[in-house]
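K.L.:
sequence first, then the predicted structure, then my questions.
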Amino acid sequence: MTFAPQLTAEIAEALQLGRPVVGLETTLVSHGFSGGRGLDAALESERRVRAAGATPATVGVLDGVVRVGLDASELQRFADAGCAARKTGARDLAACVVQGALGSTTVGGTLAVCRAVGIRFVGTGGIGGVHRGFAESLDISADLPQLARTPAVVVCSGAKSILDVSATSELLETLGVPVLGWQTATLPMFYTGAGGPPVSATVGDALEVARIAATHWQLVPAGGLVLARPPTEGIDLETLVTEAVEQVHRACITGQAVTPAVLAAVEDLSGGRSVEVNRRLIADNAELAARVAVAYADLGPRSTMAATGPPPSGP
């Protein structure tokens with residue numbers, strides 16, 4: 001019996017032939033938006049990935065199987081389930097499989113699956129990180145250690161602004177994860193591009209990112225990179241985010257329930273403005289991940305072999 005991830009024929013062929021593939025999460029479908037609107041965000045992300053020349057590979061756990069590649073009806077199941085779907089990080093994958101649960105993968109869970117099947121590019125909205133007040137709660141997202149051990153470029157708009165972004169940046173440095181700023185010298189603050197800590201390097205085009213990734217994987221074969229792209233039309237919601245975090249804290253909400261609760265509060269306090277920014281940046285980041293994946297594939301087998309190592313020898 002095997003519990004290996006199940007890939008669609010399209011994705012399996014693309015990986016075998018070295019074509020560009022972009023991993024996408026399912027937590028945003030079930031937990032990232034209210035009213036099932038995460039489905040539209042997921043479908044638009046997949047459309048943008050294809051338009052940029054790559055194959056989308058949305059990851060989730062369905063009926064006891066880790067799936068890499070989901071159709072619209074399967075994505076609908078995650079949207080309909082909402083927060084009833086298990087929020088699935090790397091630690092939760094095995095339990096979801098054995099118990100036959102519906103598991104929507106976080107960035108960390110998606111990275112674990114991508115590492116297992118060889119996907120090197122991931123698009124998302126914002127990564128998890130160090131939560132505000134972490135000194136008391138020790139609440140730090142499992143996304144970060146998965147980033148440190150997965151050879152993948154994660155395209156995002158920085159850490160979610162509900163987090164302690166400066167502390168998250170410091171921990172990424174400690175873990176040895178390069179943070180590349182897409183045409184910016186500072187880490188975006190998710191809803192806005194301004195006010196974050198400095199990035200480790202500023203990059204200007206997809207080919208440059210691909211070359212940095214290939215070189216990084218020669219030097220640090222198991223290490224990931226963050227490509228942080230500012231939102232196209234950001235808005236400053238820091239005051240509202242702080243208020244939302246305090247509301248959730250007063251309600252004694254903890255653990256994996258914190259992020260969806262805070263996002264819902266921010267949506268309410270902002271009159272829905274946060275949702276529009278979130279939807280657009282998710283799709284924009286997916287497209288950028290595809291552009292970088294295409295540039296990496298175009299480097300040719302010599303560069304990618306240097307990054308991945310020689311093919312395994314026969315038995």
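P.N.:
That came in fine, so what should we check first? Residues are numbered from 1 along each chain as shown.
K.L.:
the longest strand in the chain is where?
P.N.:
Longest strand of the chain, by residue count under DSSP state E: strand 55-62.
K.L.:
below-threshold pLDDT in the stretch 201-315 of the chain: ranges please.
P.N.:
234-237, 255-256, 270, 272, 301-315 (pLDDT under 70).
K.L.:
in it, which spans are helices?
P.N.:
Listed in chain order, the helices found in the stretch 201-315 of the chain under DSSP state H, counting those that start in this stretch are 206-219, 238-250, 258-269, 273-298, 301-308.
K.L.:
got TSV for the ones you listed, with mean neighbour count and distance to T168 too?
P.N.:
Any C-beta I mention is one placed from the backbone N, CA and C, and that applies to glycine too. Listed next are the helices of the stretch 201-315 of the chain as TSV, based on neighbours: other Cβ atoms under 10 Å; distance: least, Cβ to Cβ, whole Å:
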stretch	mean neighbour count	distance to T168
helix 206-219	19	20
helix 238-250	16	14
helix 258-269	20	13
helix 273-298	23	17
helix 301-308	14	26
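K.L.:
wait, which of those helices is closest to A159?
P.N.:
helix 258-269 (11.0 Å; Cβ to Cβ).
K.L.:
quick one: strands adjacent to the longest strand of the chain?
P.N.:
strand 21-24 (parallel), strand 65-68 (antiparallel), strand 103-105 (antiparallel) (DSSP bridges).
K.L.:
can you give me the mean pLDDT across the first one?
P.N.:
Computed over strand 21-24, the mean pLDDT rounds to 98.
K.L.:
do the last one as well
P.N.:
Throughout strand 103-105, pLDDT has a mean value of 97.
K.L.:
what residues does the helix or strand just after it touch?
P.N.:
Later in the chain than strand 103-105, the nearest helix or strand by DSSP states H and E is helix 107-117. By Cβ atoms under 8 Å, 6 or more residues apart in numbering, the surrounding residues in contact with helix 107-117 are 4-5, 7, 15, 23-27, 57, 59, 66, 68, 88-90, 92-93, 103, 105, 119-120, 122, 124, 127-128, 141-147, 149-152, 154, 156, 224.
K.L.:
in ChimeraX, how would I select the buried members of these?
P.N.:
The following ChimeraX line selects those of the contacts of helix 107-117 that are buried, judged by 16 or more other Cβ atoms under 10 Å:
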select :5,7,15,23,24,25,26,27,57,59,66,68,88,89,90,92,93,103,105,119,120,122,124,127,128,141,142,143,144,145,146,147,149,150,151,152,154,156,224
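K.L.:
the strands in the stretch 51-200 of the chain, which residues?
P.N.:
Using DSSP state E, counting those that start in this stretch, the strands assigned to the stretch 51-200 of the chain run over residues 55-62, 65-68, 86-88, 103-105, 121-123, 153-156, 179-182.
K.L.:
I253 is nearest to which of those?
P.N.:
Per Cβ to Cβ, nearest to I253 of the strands of the stretch 51-200 of the chain: strand 86-88, 13.2 Å.
K.L.:
neighbouring strands - and their directions - for that closest one?
P.N.:
Sheet pairing for strand 86-88, using DSSP bridges, gives strand 103-105 (parallel).
K.L.:
which residues sit against the partner strand?
P.N.:
25-27, 29-31, 59-61, 78, 81, 85-89, 92-93, 96, 109, 113.
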